[in-house]
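> Next input, structure requested:
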Amino acid sequence: MSITRRTARRSVRILGVTAASAALALGAAGNALACNIGDFSAEAKCDGTKGVITVTDVDPAGVPATVTVYLQNNNADERRVGEQEVKGSREGTTITFTEDWQPNATYRIHVKAARYVDEDMPNLVTPATACTTKDTPTPTPSETTPEPSATPSTPAESATPTPSTPSTPSASEDGSTPPAAAASNAPSPAAGDSNLAETGADSNTGLIAGIAAALVVVGGGAVFFGMRRRGANSDR
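Okay, the predicted model is just below:
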């Protein structure tokens, strides 16, 4: 049985339609596997005591994408938190932005990946509770107040200065005569006898008294003979 020209044309037409359908299917499948905004998710959480915002890309094609995070205030960008590049994977690739976020704050996250994505993710609203800070330990009284010592320390004894004996100024220094010695009933030693012993054993008091008595007698005799001679002359 020979194939007619009409049957051949019909067969070619059917093959063309099938090829076109396959191309459309492949194109749609390729677009489904390519990067899109649905591959990205964001979360605000705490890393210890610090707040962070994480963005995860689960694009199996691994198309590089740029992620930018903005803090919003009254539906307007207040400031840019940061910008990073991410290359997705089937398991998911996560990038982290350090941000000390406040409770119930709103963040806008924009994703741009070549010709596939250039749009915002749904706005991210932070939790109602902020990240907690570590409590500062309160010092115990023993750490702040020193305990008194059981035995009081004895202060070092200071040396007491010994008063010096004032020197007696000599007569040559101040030009004045030293005060006279107090009167005494004891007879003063004769001149030249300053080297006598304190006991008085070598005193010349008796000798001086004898000489004085002899002088008195001699003087009395001289007076007596003088008066007698004057009486004799008057009797002539």
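> ok, Cys35 - contacts?
59, 61, 63, 65, 88, 113-114, 116-117 (CB atoms under 8 Å, 6 or more residues apart in numbering). In short, each C-beta sits where N, CA and C put it, glycine included.
> quick one: average confidence on stretch 84-95?
Average pLDDT, stretch 84-95: 95.
> so how far is the first residue of that stretch from its last?
Start to finish, the residues bounding stretch 84-95 are 8 Å apart (CA to CA, to the nearest Å).
> how about the strands in the chain?
Using DSSP state E, the strands of the chain run over 40-47, 50-57, 64-72, 77-87, 93-98, 106-113, 117-120, 124-125.
> Name every strand pairing with the last one and say which way it goes.
Read that as strand 124-125. strand 106-113 (antiparallel) (DSSP bridges).
> mind listing what's buried in the partner strand?
106-111, 113 (16 or more other CB atoms under 10 Å).
> right, and out of these, which lies closest to Pro122?
Nearest to Pro122 among the buried residues of strand 106-113, counting by CB to CB, is Ile109 at 8.5 Å.
> Cross-check the contact I'm expecting between the closest one and Val69.
Yes. When contacts are counted by CB atoms under 8 Å, Ile109 is listed as touching Val69 (5.3 Å).
> which residues are in contact with both of these two?
Here Ile109 and Val69 share the contacting residues Val55, scored by CB under 8 Å, 6+ apart.
> Run a quick neighbour tally on Ala213.
10 (other CB atoms under 10 Å).
> Give me the distance between it and Val58.
When distance is defined by CB to CB, to the nearest Å, Ala213 is 156 Å away from Val58.
> Ile95 bridge partners, please.
Val55.
> OK, contacts around it?
Each residue near Ile95 by CB under 8 Å, 6+ apart is listed here: 54-55, 57, 67, 84, 86.
> Reformat these as a markdown table; add distance to Thr94.
A markdown table is the format used below for the contacts of Ile95 (distance: CB to CB, whole Å):
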| residue | distance to Thr94 |
| --- | --- |
| Thr54 | 5 |
| Val55 | 7 |
| Asp57 | 8 |
| Val67 | 11 |
| Gln84 | 11 |
| Val86 | 8 |
